[in-house]
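1. have a look at this prediction, sequence included:
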Amino acid sequence: MFVIIGIIVVFGSVAGGYVMHHGNLLVLYQPSEFIIIGGAALGSLIIANPLHVLKAVISGTLGSLKGSKYSKAFYLEQLKMLNEIFVYARKNGAAKLEADIDEPDKSPLFQNYPKFLADHHALEFFCDTVRMSISGGVGPFELDQLMELDMEVQHHEETVPVSALSTVADALPGLGIVAAVLGVVITMGSLGGPPEEIGQKVAAALVGTFLGILMCYGLLGPVASLMTKQVQDRAEYMQFLRLGVLGFLKGLAPSLSVEFARRGIPMHVRPTFKETEASIKGAAAPQAQAKAA
């Protein structure tokens, strides 16, 4: 929502200021300039990146319009999930957890948390680590190294489309100059003609430079910056999972493992200790009533 508002503010301010100076908006409508700049930018993106990166750029750009899902409510739900899993493993033994880890989509433990089930990378990160711990022979230190390696690989993969979009954004002013130069070439062929015609062609050529700079600093550059922040949000979430799982692997009490995870949540979305405790107790009460029945 804020992305759309920002785009409206940027283009509205530029167009409004132009009109206040008695500018003619129709002069800015130059389809040929859009084709030159947009086509060259798209072509350079295709040349520089394989198919999976192109798909990630598209999905990341569209995803930036939705905003971040990592809110306080989201983290409270994740803390409830971790506590439920850790308490279950403590009461029934880690071996009982293996069936749930092997088929999480069929597990009652995970079915209450559809957002986690839908996040395949986070689900595999959690389940694969816990599975190796249950199988035995691997200590917490080694598993922590595996988690760090997994997080590093994921983070690198998620930054590639951001870098690709940033590169295209940085190239837009140069592509705008290309469009302007082509316009000047056309204008040179019209020398000796009516001054009005020459003026229109010069204006059309300058629109290319204008569009390249505006698209760079007013649209693609900010979108790439937002995608960078979303990648960081993702890295912070994976760190949150790592801290919780590491506490569990070390044999800490479920409440302490959950607290380790809570302390890894960024401050602006971190639930307080009381909020976390109230959320967990609220989830535990219905379970206790169901067992009593």
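-> Sure thing, it's come through.

2. tell me how far stretch 137-148 lies from the chain's centre.
-> With CA atoms, centre = their mean, to the nearest Å as the basis, stretch 137-148 stands 27 Å off its chain's centre.

3. likewise for stretch 2-9?
-> For stretch 2-9, the separation from the chain centroid amounts to 18 Å (computed by CA atoms, centre = their mean).

4. again with stretch 246-262
-> 27 Å.

5. can I get it in CSV? Just the C-alpha atoms.
-> Provided in CSV are the C-alpha atoms of stretch 246-262 (Å, rounded to 0.1, in the frame of the first residue of the first chain):
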residue,chain,number,x,y,z
LEU,A,246,19.5,-24.1,18.8
GLY,A,247,18.0,-23.7,22.3
PHE,A,248,16.0,-26.9,21.7
LEU,A,249,19.0,-28.8,20.4
LYS,A,250,21.0,-27.8,23.5
GLY,A,251,18.3,-29.3,25.7
LEU,A,252,17.0,-26.1,27.2
ALA,A,253,13.5,-25.8,28.6
PRO,A,254,10.9,-24.9,26.0
SER,A,255,10.2,-21.6,27.6
LEU,A,256,13.9,-20.7,27.6
SER,A,257,14.3,-21.8,23.9
VAL,A,258,11.3,-19.6,23.0
GLU,A,259,12.8,-16.7,24.9
PHE,A,260,16.1,-17.1,23.0
ALA,A,261,14.0,-16.9,19.8
ARG,A,262,12.1,-13.9,21.0
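
6. list the buried ones in that stretch?
-> Using 16 or more other CB atoms under 10 Å as the test for burial, stretch 246-262 gives 246-249, 252, 254, 257-262. Yep, even glycine has a C-beta here, placed from its N, CA and C like the rest.

7. repeat for stretch 107-114
-> Of the residues in stretch 107-114, 107, 109-110, 113 count as buried by neighbour count, 16+ other CB under 10 Å.

8. count the residues that sit near Ala73.
-> 12 (other CB atoms under 10 Å).

9. in what helix or strand does it lie?
-> Following DSSP states H and E, one finds Ala73 within helix 72-92.

10. show residues contacting that helix.
-> By CB atoms under 8 Å, 6 or more residues apart in numbering, the residues outside helix 72-92 that reach it are 96-97, 100, 109-110, 112-113, 115-116, 240-241, 244, 248, 253-255, 257-258, 261-262, 265, 269-271, 275-276, 279-280, 283, 287.

11. want to throw the buried residues of stretch 246-262 into CSV with pLDDT?
-> Shown next, in CSV, are the buried residues of stretch 246-262 (pLDDT from 0 to 100):
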residue, pLDDT
Leu246, 94
Gly247, 94
Phe248, 91
Leu249, 90
Leu252, 92
Pro254, 92
Ser257, 94
Val258, 95
Glu259, 95
Phe260, 94
Ala261, 96
Arg262, 96
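
12. just the terminal-to-terminal distance for stretch 114-127.
-> Taking CA to CA, to the nearest Å, the first and last residues of stretch 114-127 lie 15 Å apart.

13. which outside residues touch it?
-> Stretch 114-127 is contacted from outside by 69, 74, 77-78, 81, 101-102, 104-105, 110-111, 147, 150-151, 154, 237-238, 241, 245, using CB under 8 Å, 6+ apart.

14. so for that stretch, mean pLDDT?
-> Per-residue pLDDT over stretch 114-127 has a mean of 92.

15. thinking again about what came up before, from the chain's centroid, how far away is the helix holding Ala73?
-> Taking CA atoms, centre = their mean, one finds the center of helix 72-92 at 24 Å from the center of the full chain.

16. now stretch 43-55
-> 18 Å.

17. what residue of this protein is the furthest out?
-> Distance from the centre of the chain peaks at Gly192, with 54.2 Å (CA atoms, centre = their mean).

18. make CSV from the buried residues of stretch 246-262 and add distance to Leu219 and secondary structure to it.
-> Shown next, in CSV, are the buried residues of stretch 246-262 (distance: CB to CB, whole Å; DSSP: H, G, I helix; E, B strand; the rest coil):
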residue, distance to Leu219, secondary structure
Leu246, 41, helix
Gly247, 43, helix
Phe248, 44, helix
Leu249, 45, helix
Leu252, 48, coil
Pro254, 47, helix
Ser257, 44, helix
Val258, 42, helix
Glu259, 42, helix
Phe260, 41, helix
Ala261, 37, helix
Arg262, 37, helix
